[in-house]
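> Need the 3D shape of this:
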Amino acid sequence: MPRQIALMFGLIIVSILLSLAAFAALCFFVQRAKDQKYGDQPFDPNCVDVGCALGIAALFGLQALAEIKELPKRCYSGPNTDLVNLGRDVCNVITTMGVFSCIGVLFMLIIFILVAKAVRDAVEIAKLPPPVFPSGAEPAVMRWLDRNNDPFASIPRGTPSRQNSYNRGALKPFPTKPLALLDHSLPSPSTDPSTYTRGMNGHSTSKKQLVWLITGTSSGFGRRLVTSALSRGDRVIATARSLEKLDQELSAYGLSESERQNLRTLQVDITAGEDILKEKANEAAAFWGRIDVLVNNAGFGQPALTEEGGSKICRKQYEVNVFGLLDMTSATLPHIRASKGYLVNIGSRSSWHTEVPGLAFYASSKAAVQAITETMSAELTPLGVKVLLVAPGSFRTEGIYGGQFPKDNLIPAYDNLREASIKRFNSIAGTEKGDPDKAMDLVVDVVRGEGKAAGRPWPLYLLLGEDAAANARNRANKVISDIEGWEDLTGKAVQFD
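Got it, this is the predicted structure:
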């Protein structure tokens, strides 16, 4: 009898040790999976994962043998001294552990099969032919082109030495399709801070590498936002209605090799409809497996006196600035929610400065964008998505005042007002005080939580320029003044007694 008791307790100790070993191995496996899913690199299974899954299954199997083969028959073989010596509760616990061990074996074998299949798929992808890189860049599988090898990395954007050097040879169009080889075969800048220690503007780029999807990038704020995000080591999917114009703009800018590796271009017309835009969003997400930031920048300004323009011009304005923005947002939000990312809508100070003849349709479209953004912030914040409304004032960007007043419904009563409005409208270009490069650098700072935005709380409104701030304050003061001047008649006086 003492020998049997010693055997049983020995089995108990062995099963406990096996249980602890299985738990530790399972923790390691889970942590490794989390690092691969939520870290800087996408899931890249290998033999370590296969071995882990099989090893944990073996541990669970040995534990099940130790607990089920010998102990239950000694605990539940009828009245016997073993049950008295061990105790009924101990027997129940050990038998339960044995059942869970069997379930663990089953579970880990399923994971083993799935991981083995993923490894096989990864091997097949690795056999694909290498991609063609732009401008003679070396294949990234052989060498990661880092900024430390770029002699112009510390020179500010737009300086002649940087532009002339990169423009000596014509750049090929940027790739618009994903690389044939998985991008996670490249070391990520965010996992190796020494690779991207400083961006072109002196910004630290050691934080997580974001994937930006930006609309309307062939000029203006959009083009500057692309280059600013790239300068931080982020990845950018730049969209425009015309890829030819977009490639020309970016080629003239003079991107470094590493920046071009992080850039994809995609033809997108935001008025194409939600179904087509969903296909475009999925195509964009396929480049790097996710989208972290959507910037709705595409839009235009159509000047017109309200009566002369009517609903025809209003619909034309809203089709792009409001409905196009909504369709693009709806198409992309599933990816943004999955990454708990960022939604950035470019509005305008005109939503607070509507008392300008000729801007009724543009200002109201931007006021609609503001209201939509405010509501979406309330809807998306609980889901982990940060929402930002950027309201620029007057900035020196290309072609922003290129719109023409319509001439197909001229009303004589408005001749003087129309003439004055056109004169004022045409006199603005080139006199703006706002620097679009600085503005977009600040937007990237806010999204990344670094630079000038480091340590500050997330804003819902980002008003850019002194004029934008002044317009918003004036509107707020006007509303408050009217409230206070009429409150005795508009407050309790109009409620039920």
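
> Strands of the chain, residue ranges please.
Along the chain, the segments classed as strands by DSSP state E run 211-214, 235-240, 263-267, 293-296, 342-346, 386-392, 461-464.

> Just the buried positions in the third one, please.
Along strand 263-267, these residues count as buried under the neighbour rule (16 or more other Cβ atoms under 10 Å): 263-266. From N, CA and C alone the C-beta is placed, and that goes for glycine too.

> what helices or strands is that strand leaning on?
Here strand 263-267 is seen to pack against strand 235-240, helix 243-253, helix 274-288 when contacts are counted using 3 or more Cβ pairs under 8 Å, 6 or more residues apart in numbering; DSSP states H and E.

> could the strands of the chain be laid out in TSV, adding distance to residue 489?
Listed next are those as TSV, based on distance: least, Cβ to Cβ, whole Å:
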stretch	distance to residue 489
strand 211-214	49
strand 235-240	51
strand 263-267	56
strand 293-296	41
strand 342-346	37
strand 386-392	33
strand 461-464	31
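
> got TSV for those, with mean pLDDT too?
Shown next, in TSV, are those (pLDDT from 0 to 100):
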stretch	mean pLDDT
strand 211-214	97
strand 235-240	95
strand 263-267	95
strand 293-296	97
strand 342-346	97
strand 386-392	96
strand 461-464	95
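
> Ok, which of those strands comes nearest residue 56?
With Cβ to Cβ as the measure, strand 211-214 is the member of those nearest residue 56 (33.3 Å).

> Could you check how far the closest one is from the centre of its chain?
Per Cα atoms, centre = their mean, to the nearest Å, the displacement of strand 211-214 from the mean C-alpha position of its chain is 6 Å.

> From here on, call the first residue 199.
Okay, residue one is now 199; in that scheme the one you just asked about reads as strand 409-412.

> Now it: buried residues?
409-412.

> one step back: closest one to residue 215 among the strands of the chain?
strand 409-412 (45.4 Å).

> Show the pLDDT at residue 201.
Looking at residue 201, its pLDDT reads 55.

> what residue ranges in the chain score low on pLDDT?
The model of the chain has pLDDT under 70 over residues 199-210, 232-243, 261, 264-293, 320-405, 597-600.

> Nearest to the middle of it, which residue? Look it up for me.
residue 490 (1.0 Å; Cα atoms, centre = their mean).

> Could you measure from that one over to residue 461?
Separation of residue 490 from residue 461 (Cβ to Cβ, to the nearest Å): 15 Å.

> ditto for residue 651
Distance from residue 651 to residue 461, by Cβ to Cβ: 24 Å.

> returning to what we had before: could you dump the buried residues of strand 409-412 to TSV with distance to residue 497?
Shown next, in TSV, are the buried residues of strand 409-412 (distance: Cβ to Cβ, whole Å):
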residue	distance to residue 497
409	22
410	17
411	16
412	13
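
> which among those residues gets closest to residue 482?
Comparing the buried residues of strand 409-412 against residue 482 with Cβ to Cβ places residue 411 closest, at 5.2 Å.

> Show me what that closest one is bridged to.
On the basis of DSSP bridges, residue 411 takes part in beta bridges with residue 435, residue 492.

> I'd guessed it sits against residue 488; true?
No - shown here, residue 411 and residue 488 do not form a contact pair, counting by Cβ atoms under 8 Å, at 10.1 Å.

> ok, which stretches of the stretch 549-695 of the chain are helices?
Ranges of helices within the stretch 549-695 of the chain are 558-578, 613-624, 634-646, 664-688, based on DSSP state H, counting those that start in this stretch.

> Give me the buried positions along the shortest one.
Looking back up the chat, that one is helix 613-624. Within helix 613-624, the residues that count as buried by 16+ other Cβ under 10 Å are 616, 619, 623.

> Check the longest one too.
For helix 664-688, the buried set under the neighbour-count rule, 16+ other Cβ under 10 Å, comprises 665-666, 669-670, 673.

> tell me what that helix is packed against?
Applying 3+ Cβ pairs under 8 Å, 6+ apart, one finds that helix 664-688 contacts strand 584-590, strand 659-662.

> how about the buried residues of helix 664-688 in TSV, adding distance to residue 590?
As requested, the buried residues of helix 664-688 are arranged in TSV below (distance: Cβ to Cβ, whole Å):
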residue	distance to residue 590
665	9
666	6
669	11
670	12
673	16
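
> Looking at these, which one is closest to residue 431?
residue 666 (29.5 Å).

> quick one, what contacts the closest one?
By Cβ atoms under 8 Å, 6 or more residues apart in numbering, the contact set of residue 666 is 547, 550, 589-591.

> Widest-spaced pair of the residues you listed?
Farthest-apart pair in the contacts of residue 666 is 550 and 590; separation 11.9 Å (Cβ to Cβ).

> ranking the helices and strands packed on helix 664-688 by burial, who's on top?
Per-stretch averages of neighbours, counted by mean count of other Cβ atoms under 10 Å, single out strand 584-590 among those, with a mean of 23.
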